[in-house]
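> Provide a 3D model corresponding to the input given below.
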Amino acid sequence: MVTSNQAKIAVFVSGGGTNLQALIDAEKNGAIPSGKLSLVISNNPEAYALTRAELAGIPSVIISKKELLTQEAFEEKIHQTLVEYEIDMIVLAGFMSILSASFTSKYPKRIINVHPSLIPSFCGKGFYGLRVHKAALEYGVKVTGATVHYVNEIPDGGEIILQKSVSIKRNETPESLQQKVMRQAEWVILPKATEIVAAKILASRKVK
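Predicted structure coming up:
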């Protein structure tokens, strides 16, 4: 049940939903008291994240860009769904679709994303999934990590909320580094950042 002193959160997913699971676990443990996971939106009907949502009792909606044909129709359907569920904030958790400036401008400082590097390194257009970790290893950096940031019209370009570093060991592979960054950084800072933003939304309500 959502209380009046909680922000309603929608989580956007495309794949396995490990970051969604981190949020579900954090909510169960009382780590997101200012927010309530109220909706999961997937652009992929095969995403295992939808199963995670079902097991956690969170409503989910599939919105396919392929079916809606245009970015405008895709984003309008998302917006309508968010209004229907009275959503206050959005968490992008492995959502493999860039949102336009016209969409993100509707939710200033209410959309956050987790990226598997220490922004401004290895980020922006084309940097996602294993590509990020491959680039970090090819460059030879000794430390990487994850960043949670606000989402604006520039891919990975919004204000940073939290970062956490992870050391790179010898013989690391993109796959092993991906797992390490998820476990040691993404799953730690995403729930914390979600709580920070949810608390700010509640505080802004009280000011009004």
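
> Show me what the helix or strand of the chain at the bottom of the mean pLDDT ranking is packed up against.
When the helices and strands of the chain are scored by mean pLDDT, DSSP states H and E, helix 65-68 comes last with a mean of 87. Packing partners of helix 65-68 (3 or more CB pairs under 8 Å, 6 or more residues apart in numbering; DSSP states H and E): helix 71-84. Just so you know, the C-beta spots here come from the backbone N, C-alpha and C atoms, and that holds for glycine as well.

> What strands flank the next helix or strand along the chain from the helix it packs on, and is each parallel or antiparallel?
Downstream of helix 71-84, the first helix or strand assigned by DSSP states H and E is strand 89-92. Counting by DSSP bridges, the strands paired with strand 89-92 are strand 7-13 (parallel), strand 111-115 (parallel).

> next helix or strand past the longest one?
Moving toward the C-terminus from strand 7-13, the next helix or strand (DSSP H and E) is helix 18-28.

> List the buried residues in that following helix.
Buried positions in helix 18-28, judged by neighbour count with 16 or more other CB atoms under 10 Å: 18-24, 26-27.

> cool, and stretch 181-201?
In stretch 181-201, counting by 16+ other CB under 10 Å, buried: 181-182, 184-191, 193-198, 201.

> circling back: JSON lines for the strands paired with strand 89-92, including distance to His133 and mean neighbour count?
Shown next, in JSON lines, are these (distance: least, CB to CB, whole Å; neighbours: other CB atoms under 10 Å):
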{"stretch": "strand 7-13", "distance to His133": "20", "mean neighbour count": "25"}
{"stretch": "strand 111-115", "distance to His133": "12", "mean neighbour count": "23"}
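
> Nearest to Ala101, out of those?
The closest of the strands paired with strand 89-92 to Ala101 is strand 111-115. By CB to CB, the value is 11.9 Å.

> which residues touch that closest one?
Here strand 111-115 makes contact (CB atoms under 8 Å, 6 or more residues apart in numbering) with 19, 89-93, 95, 99, 104, 123, 127, 132, 146-151, 156, 158, 161, 186, 189-190, 193-194, 197.

> Brilliant, that's me finished.
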